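> Model the structure of this input:
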Amino acid sequence: MAARHFLTLNDMTTTELESLVDHASTLRKEWRQGTVRDSLKNRVLAMIFEKSSTRTRVSFEAGMTQLGGSAMFLSPRDTQLGRGEPIEDSAIVISSMVDAVMIRTFAHETVERFAAASSAPVINALTDEFHPCQLLADMQTYREKRGSIRGAKVAWIGDGNNMCHSYMNAATQFDFHLNVACPEGYEPDAELLEQHSDRVTIFREPAEAARGTNLLVTDVWASMGQEDEQKAREKAFQNYQINPQLMSVADKDALFMHCLPAHRGEEISADMMEHPSAVVWEEAENRLHAQKALLEFLILNRLD
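Here you go, the predicted model:
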């Protein structure tokens, strides 16, 4: 049987995604109760990092350990990925030795080419185009706090980046409407926008996008690799900050999320992390549990 991959949210059905986030909540509860689970005993995850990350490495490595398996960290210095050896050759060899591969890289094409040649499941742990693992954690967190997100309104404030793209996929998969507030020139991918035209509305004014919404989400103004654009982006996004004033126009029970790291005083006000609507720390922890559920699903083909 061909390996299942998780490169975007579209690689799963809505039913599978909802079952996965429910299972993630069960795993979170078990973990907090001290229940020992060794479902991935003797299984190995290869973690290929061309982009560094705190949460991604810790959550995947801890997750495999908590499920009885192990994780192998591979930095750009440790692999020949696209550097003298074709990506496909690396994929064939690495996947023959491990049970799953996690890749955090720049070009989305890299994970697509790797997955096409891999005999083991491949997980996109972030590319310049998509960040589906974060969306699993976000959807889990919303579900735990407010129940199903079906029929809700979500506001994305800021850059039309990889997180925004994954929120667009989530809008269709989880059945909610997404308002995107971004400056001109920073819109999400036009082709993706067309695909989700019935689910996504573009706004220029953050308050218009946030009005009456159930969830407000943002990300840093300049992502990794865009540091040279920092000054230009600060100017373009200066009015695109999530703060208590913006939260006040959303639904009274609206939640605030951020994938982290956060730049206080830029995309969020200095006090937003402590705002009553903020569920940022639960959201961050849920990367661990959502990814454990994902690993069990891909390696064992089960969600229980």
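> pLDDT wise, what is the residue nearest the centre of the chain at?
By Cα atoms, centre = their mean, the chain has its centre lying nearest to Gln134, at 2.0 Å. Predicted confidence (pLDDT) for Gln134: 98.
> Remind me which helix or strand it belongs to.
helix 132-146 (DSSP states H and E).
> Return the alpha-carbon coordinates of that helix using CSV.
What follows is helix 132-146 as a C-alpha-only set of coordinates in CSV (Å, rounded to 0.1, in the frame of the first residue of the first chain):
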residue,chain,number,x,y,z
PRO,A,132,-0.6,22.4,7.9
CYS,A,133,0.6,21.0,11.2
GLN,A,134,0.0,24.4,12.9
LEU,A,135,-3.6,24.3,11.6
LEU,A,136,-4.2,20.9,13.2
ALA,A,137,-3.1,22.5,16.6
ASP,A,138,-5.3,25.6,16.0
MET,A,139,-8.4,23.6,15.0
GLN,A,140,-7.8,21.3,18.1
THR,A,141,-7.5,24.3,20.4
TYR,A,142,-10.7,26.0,19.0
ARG,A,143,-12.6,22.7,19.3
GLU,A,144,-11.5,22.3,22.9
LYS,A,145,-12.5,25.8,23.9
ARG,A,146,-15.6,26.5,21.8
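> Show me how far it is from its chain's centre.
In terms of Cα atoms, centre = their mean, to the nearest Å, the centre of helix 132-146 is found 9 Å from the chain centre.
> Can you name the residues that contact the spatially closest residue to Asp11 that is not a sequence neighbour?
Ranked by Cβ to Cβ, 6 or more residues apart in numbering and with sequence neighbours excluded, the top spatial neighbour of Asp11 is His5, at 5.9 Å. Where C-beta positions appear, they are placed from N, C-alpha and C, glycine not excepted. His5 makes contacts with Asp11, Ala115, Ser118, Pro121, Val122, Ile123, Leu298, as judged by Cβ atoms under 8 Å, 6 or more residues apart in numbering.
> and which of those residues is nearest Phe256?
The shortest approach to Phe256 among the contacts of His5 belongs to Ile123, at 26.9 Å (Cβ to Cβ).
> That closest one: what secondary structure?
strand (DSSP: H, G, I helix; E, B strand; the rest coil).
> if we can go back for a sec, for the helix holding Gln134, buried residues please.
132-144, 146 (16 or more other Cβ atoms under 10 Å).
> Got the domain ranges for this protein?
9-131+284-300, 134-280 (the TED database).
> for the longest one, how far is the first residue from the last?
Chord length of domain 134-280, first to last residue, is 12 Å (Cα to Cα, to the nearest Å).
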